[in-house]
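Participant: Please find the sequence and the predicted model below.
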Amino acid sequence: MNILLWILQVVLAWFCIAGGYYQIFKIEQLQDLNASVRALPAVLWVFFGAFSCLAGLGLILPGVTKRKPVLTPIAAAAVAIESVILSAIYVHYGDFRPLDFSVAMAILAAFISYARFALKPLGSS
């Protein structure tokens with residue numbers, strides 16, 4: 001189970017960091033594709049992007065450094081909450097293209113959070 005969780009954490013961290021980078025540095029391209037990005041202030045999307053990048057790091061670094069491993073499930077829960085919020089924004093503005101990805105990230109993050117809190121906490125054998 002621990003190996004599976006590590007694989008899922010790395011995948012989710014990659015999606016978080018790549019997506020966050022895109023939200024911060026490629027906002028113009030997102031504005032061309034999504035009505036929600038055009039409707040809401042760019043600074044909000046930059047915030048979401050920075051939050052996503054930090055959460056992605058939080059999925060990996062505590063386990064790798066073996067310092068504060070409780071931060072990993074907290075980071076996963078934060079990604080799940082952020083993804084649900086983004087999904088609601090996408091639905092509100094009729095942006096259904098990124099919705100599948102956002103919902104999938106929410107489910108994956110919620111699973112990682114639950115598994116790391118209850119099933120296989122980092123640092124346990």
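Facilitator: Yep, that arrived. Bear in mind that the values here come from a model prediction, so they are computed numbers and not experimental data.
Participant: Every contact and neighbour count from this point should use C-alpha atoms.
Facilitator: Fine.
Participant: what helix or strand is K68 on?
Facilitator: Taking DSSP states H and E as the criterion, K68 maps to no regular element, lying outside all helices and strands.
Participant: correction: L44
Facilitator: Assigned by DSSP H and E, L44 falls within helix 42-65.
Participant: The helix or strand just after that helix vs helix 42-65, what angle?
Facilitator: Stepping forward along the backbone from helix 42-65, the first helix or strand reached (DSSP H and E) is helix 71-93. Orientation check (axes from the mean of the first three to the mean of the last three CA atoms, to 10 degrees): helix 71-93 against helix 42-65 gives 150 degrees.
Participant: in helix 71-93, what counts as buried?
Facilitator: Applying a neighbour-count criterion of 16 or more other CA atoms under 10 Å, the buried positions in helix 71-93 are 71-84, 86-90.
Participant: angle of the helix or strand that comes right after it against helix 71-93?
Facilitator: Moving toward the C-terminus from helix 71-93, the next helix or strand (DSSP H and E) is helix 99-114. Following the same axes, to 10 degrees, one obtains 160 degrees for the angle between helix 99-114 and helix 71-93.
Participant: got the CA coordinates for helix 99-114 in PDB?
Facilitator: What follows is helix 99-114, C-alpha atoms only, in PDB (Å, rounded to 0.1, in the frame of the first residue of the first chain):
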ATOM      1  CA  LEU A  99     -14.000  19.700 -15.000                       C
ATOM      2  CA  ASP A 100     -13.100  16.000 -15.500                       C
ATOM      3  CA  PHE A 101      -9.500  16.700 -14.600                       C
ATOM      4  CA  SER A 102     -10.500  18.800 -11.500                       C
ATOM      5  CA  VAL A 103     -12.900  16.100 -10.200                       C
ATOM      6  CA  ALA A 104     -10.300  13.400 -10.800                       C
ATOM      7  CA  MET A 105      -7.700  15.400  -8.800                       C
ATOM      8  CA  ALA A 106     -10.200  15.900  -6.000                       C
ATOM      9  CA  ILE A 107     -10.900  12.200  -5.800                       C
ATOM     10  CA  LEU A 108      -7.300  11.200  -6.000                       C
ATOM     11  CA  ALA A 109      -6.300  13.800  -3.400                       C
ATOM     12  CA  ALA A 110      -9.100  12.700  -1.000                       C
ATOM     13  CA  PHE A 111      -8.000   9.100  -1.300                       C
ATOM     14  CA  ILE A 112      -4.400  10.000  -0.600                       C
ATOM     15  CA  SER A 113      -5.400  12.100   2.400                       C
ATOM     16  CA  TYR A 114      -7.600   9.400   3.900                       C
END
